[in-house]
Every structure is written in C-alpha cells, then in structure tokens.
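Visitor: Please work out how this folds:
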Amino acid sequence: MKYKVGIIGCGNMGKILVDTLCSLVDKKKIFCFDVDTEKLKEIKKFYEVNICSSNKEVVLNSDIIIFAVKPQQMNEVVEEIKEYVDETKVIVSIAAGIKIAFFNKNFKNNPVIRIMPNLPIKNSCGVSAICKNNLCRKKEYEFVKKIFEKKGVVVEVKEKFMDLITAVSGSGPAYIFYVSEIIQKVASKLGLDKKIVPKIVNYTILGAAKMLTEEKLSAKELRKAVTSKKGTTEQAIKVFKSCGLEKIFYNAIKKAMYRAKELSEEVSK
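Guide: Here you go, the predicted structure:
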C-alpha cells in the first residue's frame, strides 16, 4: 500500500521530509501546509506536491500525518485538527520533548510514532531515534522508519531515553558547529589565513567523523592513536582535561536534556 502522507509544518525538517517522500510515494499523495505561504510556494515549485489551504485539509487527505512544527506550536495545531482525525490515521511527531502520552490523550485510538531526527538528515547523514505506542501497526511503523532511513541511521529506543537523545544527537550538531567555530577563531587569531581556516578545520572534523564510523576502534582508542607521548596532541589534551572539558560537556548535555523535559511539561499544561 502506498500511503497518503500529510506534513504539517514546512520549515527545515518539513522540507527535508517532502524531499524524501517524493522518492517513496507518488507526489500526488503528499499533502503540505504551513502558515508561511512563501515556504509553501517554494515547496510547490520544487516538488510539485499538493499544497493545502489549512491543517484540516492536510488531515482529511492523509493516512499518515507528520507534525513538523515547533513544540510551542503543538497545542494550537492539535486543537485545530483533532476533531477531524479518525482512528485510521497514523500520528507522527518530530517535535522535541513532546511525549507519546500527549498524543494518546488527544488522539485516544490512534497509532502514534515519535521520532527525534537531527539536522544532518539534510545531507543523508542524520540520526533519528524512534519509538511508538501500542496501537501502532508494523506496516505503518516500517514505512515511517523507511522515510528516515533514507536520510541516515534510525535507532529504536524506549521513550524514556528520548529527552537524553534529544540533548545528544538532536542538539549535538550545534555542539560540533560550535567547536568548529572556536577552533577557526583560534587558528585565525594565531595567524592562519582566514580564507583557508574553514576548509582546514571542517575537513579535519569530517575526516575524524569518518574514522569514528568506519574504523573498528573506539573514540578513546583513536584519540590515543593520535596522541603521541610528549607530542603536540598530548599537550592540548592535558589542557582540555585541566579545564574540565568532560564536566563542561556533561553539564551542557544534562541542561539540554532538562530543557527537553520542560518543553514536554509546558505543552502538557
């Protein structure tokens, strides 16, 4: 069966999902809406899918409804459309922090799938964590998994870990961007030509990431392989350790995890 899929919210993630769905189903079976008409015009121009005039229209035309809106918008969107959602429709959410219980409360008899993708799905290098409620059937679940598998790896987890995964892989790309930003600033400050710094730093990160995913060594083993005794890398690592870099990351990820929990509580009020 080729499902009719609706996407509510066509920002960065929504647009990526439209792009992926076009390789899985007929474009005539994809329905989109966003309050930003310019985003809809762009999607219509590039993908030639169905552009709807409201969230209600998306719901009425779809078998699977993907909520790609910000957590703070979820209550408003759900209130707008829930009376039009019959029990045959599958609810999919990629909103950070919003628990399956929230959707179970509003859509009592519907299959619900919760997914936490990260931004690198844009380059088919994403990580998406997935979980579901007890009403979710295998065929719909596998179809939704396939959407995200086309853009990277999908990891099945228990929902209790979703807030932590949000803090690790959901926010994680920003941590790497920030590290790149810092190293580039330092390299420029110490004299490297600003024109070549981004390439040097970003390809170093890319190369390291490929080794982490392709070599049969752990991150610790790879780090030790680069860290020669009394060498340059050893001096840098000593500074990281003396400044408590591990503790900084621990506190940062913990803070992000707590914020994910707060988002859920805010929506549930």
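Visitor: Residue 228 falls within a strand, correct?
Guide: No: going by DSSP: H, G, I helix; E, B strand; the rest coil, the assignment for residue 228 is coil, not a strand.
Visitor: Identify the residue spatially nearest to it, adjacent ones excluded.
Guide: Excluding its sequence neighbours, the residue lying closest to residue 228 (CB to CB, 6 or more residues apart in numbering) is residue 234, at 6.7 Å. Bear in mind the C-beta positions are built from the backbone N, C-alpha and C, glycine included.
Visitor: Tell me which helix or strand the one you found sits in.
Guide: helix 232-242 (DSSP states H and E).
Visitor: roughly how far is that helix from the heart of the chain?
Guide: In this view, helix 232-242 has its centroid 32 Å away from the chain centroid, taken as CA atoms, centre = their mean, to the nearest Å.
Visitor: and residue 134, backbone torsions?
Guide: With angles defined as degrees, to the nearest 10, residue 134 sits at phi -70, psi -10.
Visitor: One more: residue 30?
Guide: According to degrees, to the nearest 10, residue 30 has phi -110, psi 130.
Visitor: dump the residue contacts of it.
Guide: 4, 5, 6, 7, 18, 21, 22, 47, 49, 50 (CB atoms under 8 Å, 6 or more residues apart in numbering).
Visitor: Going along the chain, name the strands of the stretch 51-200 of the chain.
Guide: 64-67, 90-93, 112-117, 126-132, 152-156 (DSSP state E, counting those that start in this stretch).
Visitor: about what we covered before: tell me which residues of the helix holding residue 234 are tucked away?
Guide: Residues of helix 232-242 classed as buried: residue 237 (neighbour count, 16 or more other CB atoms under 10 Å).
Visitor: Check which element follows it along the chain.
Guide: From helix 232-242, the next helix or strand downstream (DSSP H and E) is helix 245-268.
Visitor: just checking, what packs against that following helix?
Guide: helix 100-106, helix 162-165 (3 or more CB pairs under 8 Å, 6 or more residues apart in numbering; DSSP states H and E).
Visitor: Return the most buried member of the ones you listed.
Guide: helix 162-165 (a mean of 22; mean count of other CB atoms under 10 Å).
Visitor: And the contacts of it?
Guide: 97, 99, 114, 116, 129, 131, 155, 157, 253, 257, 260-261, 264.
Visitor: what does stretch 225-233 give?
Guide: Contact with stretch 225-233 is made by 217, 234, 237, as judged by CB under 8 Å, 6+ apart.
Visitor: Export those residues to a markdown table and append columns for distance to residue 82.
Guide: Formatted as a markdown table, the contacts of stretch 225-233 follow (distance: CB to CB, whole Å):
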| residue | distance to residue 82 |
| --- | --- |
| 217 | 50 |
| 234 | 59 |
| 237 | 53 |
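Visitor: Looking at those residues, which is nearest residue 176?
Guide: Lowest distance from residue 176 to the contacts of stretch 225-233 (CB to CB) belongs to residue 237, with 18.2 Å.
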